[in-house]
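Q: Here is a sequence with its predicted model. Questions after.
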Protein chains: 2
Amino acid sequence: MKEQKLRPQLVADHNSLERIFHRPENEQSRNVLTKYMEQILFGLHDFLQKHVGITEEIPLKVLAAQFTSSKIARTPVKKLADIITEIIEEIAPQAVNVSSPYFIGHMTSAIPFFMVHLSTIVTALNQNPVKIETSKVVSVYERQVLAKVHRLLFDLDETFYNIHIQKPESTLGSFVEDGTLANLTALWVARNRLLPSKSGCAGAERDGIAAALKDRGLHRLTILVSELGHYSIRKAAGVLGIGYDAVTPIPVDSANRMDLKVLERTLKEHHRDPETSVMAVIGIAGTTETGAVDPLPSIASLCREFGVHFHVDAAWGGPVRLSERYRGLLKGIEVADSVTIDGHKQFYLPMSNGMVFFRDPKAMDAVAYHAAYINRPGSVDLGIRSLVGSRSATSLVLGSALDIMGAGGYALLIDHGIETARLFAEEIIRRPMFELITAPELNILTYRLVPGELRGSEDPKEPANEEVRLRLLNKINIKVQRMQREAGNSFVSRTTLRRSGRPDTVVLRAVLMNQRTNHKILNAILDEQEAIYRNRIAPTLRLNKAMGLTP
Amino acid sequence: MKEQKLRPQLVADHNSLERIFHRPENEQSRNVLTKYMEQILFGLHDFLQKHVGITEEIPLKVLAAQFTSSKIARTPVKKLADIITEIIEEIAPQAVNVSSPYFIGHMTSAIPFFMVHLSTIVTALNQNPVKIETSKVVSVYERQVLAKVHRLLFDLDETFYNIHIQKPESTLGSFVEDGTLANLTALWVARNRLLPSKSGCAGAERDGIAAALKDRGLHRLTILVSELGHYSIRKAAGVLGIGYDAVTPIPVDSANRMDLKVLERTLKEHHRDPETSVMAVIGIAGTTETGAVDPLPSIASLCREFGVHFHVDAAWGGPVRLSERYRGLLKGIEVADSVTIDGHKQFYLPMSNGMVFFRDPKAMDAVAYHAAYINRPGSVDLGIRSLVGSRSATSLVLGSALDIMGAGGYALLIDHGIETARLFAEEIIRRPMFELITAPELNILTYRLVPGELRGSEDPKEPANEEVRLRLLNKINIKVQRMQREAGNSFVSRTTLRRSGRPDTVVLRAVLMNQRTNHKILNAILDEQEAIYRNRIAPTLRLNKAMGLTP
């Protein structure tokens, strides 16, 4: 940021402190504060409307060079008004306009405008749900919201919810910062329930993994998840002391779903091995890269058969349960032992909001902690069974959003995403320059650009040529994605699909969740990719070919 | 909440969806949205001003009974306007007015009004700093904010910061949800650095604790922290697979600081034991219960001598470094290996914001994770070295607050807290009905109500009587705190000090951080406690005594 001159009127004294802690009582200063809010609400919006792109074409290195001051100034250097102007005029253009309908690359998108109001309420109330003494009604409100999402997922009967919804000893779920911590919490519970206290050992949580394993003659735990599992699962295994190599990737079938035969075989093998115990099997309801949904009912049966904790990572797909048309896609989630879901994804909440749910309201007892100053045994404090301590009361945002949108409103969003993804897939198939790699099951698809000269010339007699062709395709798609991103008009992401038995494939990845993304915009995005290839990549390829550098 | 009638005009259709995703373009609807914001900013404020108390005197059970609906309605049931009114009129009065100057019980307090604006900006921008592709400039902005706080704590030279502030391979720290996750992250790093990969074993993170310990002939790890350590340290040890019994509490001296002799003895013992390795020693800069600061320089020397990771939990005290007058209280923090600090505590940020810092910019390499779709090796993505994945861009709030307040502004807040706590201690000492239990070192103190008839009658010949006296005092103080809380006019918290060699002591705990808390208010709080005892507790005691039930 540009250095601002120290202005003599900015001083830190008790008078100015007094002013910033009292919300002003007179009409004039109220008007000023409201004006600021208006600027935030609409100034930012107008700016982004005029600059419909994703971001300005300034390299990150140039930006980084502007943020190299490590000193906190003694005297105030800016007023709120300066900050707001600066953020609108200097930060926002260099940030990423995730609300653009041309931004279809990640699981972050436009949010309904009322979310901004709801978040502002949360900040103004500044409750801390770790304990009743700093949240009171918000804690019981939160329990209701958790019950609503629990019921959406597990659909247990009315009696169940009547008993547990406000029973202090029951925990239907927990708010966490995001899906990563939700998965971590679920696996934490699974670990402790697998290795509880027994005579001679106080269990994994108290005595540690090494002692708990030794006590049972075990050498290792494993977690089974498809090879398309989110990297947070490996991270959770690392954090929990199991080691991330404990995560055994199960290959996927042609539809990118966990291969049930391999799962069954692996379960049998691990079951036979007296030194190994399977801690959890994870089914994915919407893989990050392809949006595929694992065969949850069959995985559930196998878990029951082998007595293994069944976790579903529905960080992405969970809210599909709100759609009458597509909820069938998540069949089987209702028999999971635990489920991860992200509020800032398909509940369209602002960053960040994650949740984890357990079918058994006593499951989280395995991770209960008490203290002398809060969270005393027997209290209603929500911090007793929770990975985090202090946190924001985001339940107010989700609870209010459910009331404002209704399941029906969310269903429109979900349905639009899935159906737009299908349209996009058709368009990709229709265009000769593209190849659809993974068809959308939910609202995510992957594809790649395949120029005519590199198309389908698979020659079984020349595997070396095929390898060169694939490597070149990967390079081209990396370039296309980067150039489009840097131009800043639209954005798709890219990933490398690594699936056993198939070559590593660089793909372009589209996540269709913005209401305003339509057929015309999708065509413009593909047009731009074609143009990038034709005008900026193909010429260099031809040159290389002429020089004998590529096939 | 009261059930609202389904109003026929609330429908979920594509038109209404269109409206909620477009921030309105015409003047009239803009005015409506601004009006809502005004209501949130001032309606809430006015309400709380009129109801100066902490909360309404309605039992939690009665409140809980109002939140028992587990169904998500199909059709929208409320509009934004209804939600705002309901939160102001029905939720806020039953929540906790943490901004009241009579609320001196927890580490949550009034925040400057501009924090609400800054948080609103963060929501409106909705960036996700897990990766550059959803944050861009915000990631390099965040690195600058982290460097500023790093420098505040470690005070390394200008050259150090010039090299590392924007170097993608360096990590000065990480934003996390709160102090609990900051402590967890610090200990995660310490664990992995103690048990890295070596020939035959890939290290704790990859192979798990059991294998890594076995490989080294170790049986256990320990963490040393004073007996006043925060419960999140035990929780972190549990999560990390070390077991919470690995946390060895070191007794405190008469000033509630870690006893250095015992620390040294314990380090020597563990050092001699070939099966045990000390993973970390934790010094506390502001214990949760008493605000005491451990002798950090001496702990640092011992850690250097024994080659142990030195973590400082400065979740509470960290910002005292901003005060020229009192920064000396935190001497020694600058030689820590890692430091926890909470933004929502003495940086006066809204819930929630935690941070963890490492002196060595390569330390967090021990917890790096990559994925194919983001966080690729070599990228600038901040999610590579981070416990959490998706998160909110709260660096914008902290960075802006530092510019608006300056170190000088924060210093006024810090100094006011410490000096008000001293005044309060004097007042407690002055009053015959109270006993100061722990004098304030920072801005936290504990005390208890001791009625004349229970005062100082320690009779060495009658230890049984003394035990009864102490038990009665504990009971009385639990009652006083509860009755004051339930009356809802003011709030102090309570805890049970459990220190080795001393009887468990129930104390009233005051945290002085609200600018508007003054001598008059503090006197009123003590007056109320005296009145509660005289009018509501003493009569029942006398009755019990008459009936021979108590001494």
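A: That came through, no problem.

Q: how near is A:Val480 to chain B?
A: With the distance defined as Cβ to the nearest Cβ, to the nearest Å, A:Val480 ends up 15 Å from chain B. For the C-beta atoms, the positions are set from N, CA and C on the backbone; glycine is no exception.

Q: Which secondary structure element is home to that residue?
A: Taking DSSP states H and E as the definition, one finds A:Val480 inside helix A:463-487.

Q: Going by neighbour count, which residues in that helix are buried?
A: The neighbour-count check on helix A:463-487 (16 or more other Cβ atoms under 10 Å in any protein chain shown) flags A:469-470, A:472-474, A:476-477, A:479-481, A:483-485, A:487 as buried.

Q: Who are the packing partners of it?
A: In terms of contacts (3 or more Cβ pairs under 8 Å, 6 or more residues apart in numbering or on different chains; DSSP states H and E), helix A:463-487 is packed against strand A:444-449, strand A:493-497, strand A:505-511, helix A:519-532.

Q: So which of these is nearest A:Leu267?
A: Between A:Leu267 and the helices and strands packed on helix A:463-487, the shortest separation by Cβ to Cβ is 25.3 Å, and it involves strand A:493-497.

Q: mind checking the SS state of A:Asn97?
A: coil (DSSP: H, G, I helix; E, B strand; the rest coil).

Q: Around it, how many other residues sit close by?
A: The number of residues packed near A:Asn97 is 25, by other Cβ atoms under 10 Å in any protein chain shown.

Q: For whatever helix or strand A:Gln49 lives in, name the packing helices and strands.
A: Taking DSSP H and E as the definition, A:Gln49 sits inside helix A:44-50. Based on contacts counted as 3+ Cβ pairs under 8 Å, 6+ apart, the elements that helix A:44-50 packs against are helix B:114-125.

Q: Pull the residues that contact the helix it packs on.
A: For helix B:114-125, the surrounding residues in contact (Cβ atoms under 8 Å, 6 or more residues apart in numbering or on different chains) are A:20, A:33, A:36-37, A:40-41, A:44-45, A:80, A:83-84, A:87, A:91-92, A:95, A:115-116, A:119-120, A:123-124, A:350-351, B:41, B:138, B:348-350, B:392-394, B:396-397, B:400-401, B:404.

Q: try it again with 7 Å
A: A:20, A:36-37, A:40-41, A:44, A:80, A:87, A:92, A:95, A:115-116, A:119-120, A:123-124, A:350, B:41, B:348-350, B:392-394, B:396-397, B:400-401, B:404 (Cβ atoms under 7 Å, 6 or more residues apart in numbering or on different chains).

Q: Does anything pack onto the helix or strand following it? Which helices or strands?
A: Using DSSP H and E, the helix or strand that directly follows helix B:114-125 along the chain is helix B:137-154. Contacts defined by 3 or more Cβ pairs under 7 Å, 6 or more residues apart in numbering or on different chains; DSSP states H and E place helix B:137-154 against helix A:60-64, strand B:354-358, helix B:395-430.

Q: Format the helices and strands packed on helix A:463-487 as CSV; extra columns: mean neighbour count and mean pLDDT.
A: CSV is the format used below for the helices and strands packed on helix A:463-487 (neighbours: other Cβ atoms under 10 Å in any protein chain shown; pLDDT from 0 to 100):
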stretch, mean neighbour count, mean pLDDT
strand A:444-449, 25, 98
strand A:493-497, 21, 97
strand A:505-511, 25, 98
helix A:519-532, 17, 98
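
Q: which one of these lies closest to A:Arg422?
A: strand A:444-449 (8.7 Å).

Q: what's the residue of the stretch 451-551 of chain A found nearest chain B in contact with, if anything?
A: Distances between the stretch 451-551 of chain A and chain B by Cβ to the nearest Cβ are smallest at A:Thr495, namely 3.7 Å. Taking Cβ under 7 Å, 6+ apart as the criterion, A:Thr495 is in contact with A:Glu289, A:Val507, A:Arg509, B:Ala372, B:Tyr373.

Q: Equivalent analysis for A:Pro129, please.
A: Neighbouring residues of A:Pro129 by Cβ under 7 Å, 6+ apart: A:Ser135, A:Val138, A:Ser139, A:Glu142, A:Leu382, A:Arg391, A:Ala393.

Q: Break chain A into its domains for me.
A: Here the domain parsing of chain A from automatic domain parsing is A:14-97, A:178-379, A:407-546.

Q: Can you tell me the number of residues neighbouring the closest residue to chain B within chain A?
A: For chain A and chain B, the shortest gap (Cβ to the nearest Cβ) falls at A:Gly241, measuring 1.8 Å. Neighbourhood size, A:Gly241 [other Cβ under 10 Å]: 29.

Q: I'd assumed B:Leu240 was in contact with it.
A: Yes - assessed by Cβ atoms under 7 Å, A:Gly241 is found in contact with B:Leu240 at 5.6 Å.

Q: Just to be sure, A:Ile223 is in a strand?
A: Yes - counting by three-state DSSP, A:Ile223 is part of a strand.

Q: Roughly how far does it sit from A:Ala110?
A: The gap separating A:Ile223 from A:Ala110 is 35 Å, by Cβ to Cβ, to the nearest Å.

Q: SS state for A:Thr287?
A: Three-state assignment for A:Thr287 (three-state DSSP): coil.

Q: Report how many residues lie close to it.
A: When counting by other Cβ under 10 Å, one arrives at 26 neighbours for A:Thr287.

Q: Please tell me how far it sits from B:Tyr373.
A: Counting by Cβ to Cβ - A:Thr287 and B:Tyr373 are separated by 10 Å.

Q: Give me every residue in the stretch 351-500 of chain A lying close to chain B.
A: By the rule Cβ under 7 Å from any Cβ of the partner chain, the part of the stretch 351-500 of chain A lying against chain B is A:351-352, A:369, A:371-373, A:380, A:388-392, A:400, A:402-409, A:412-413, A:485, A:493, A:495-496, A:498.

Q: Going through the residues you listed, which ones are buried?
A: Among those, those scoring as buried are A:351-352, A:369, A:371-373, A:380, A:388-392, A:400, A:402-409, A:412-413, A:485, A:493, A:495-496 (criterion: 16+ other Cβ under 10 Å).

Q: Pull the contacting residues for A:Leu218.
A: Residues counted as contacts of A:Leu218 (Cβ under 7 Å, 6+ apart) are A:Glu275, A:Ser277.

Q: That'll do, ta.
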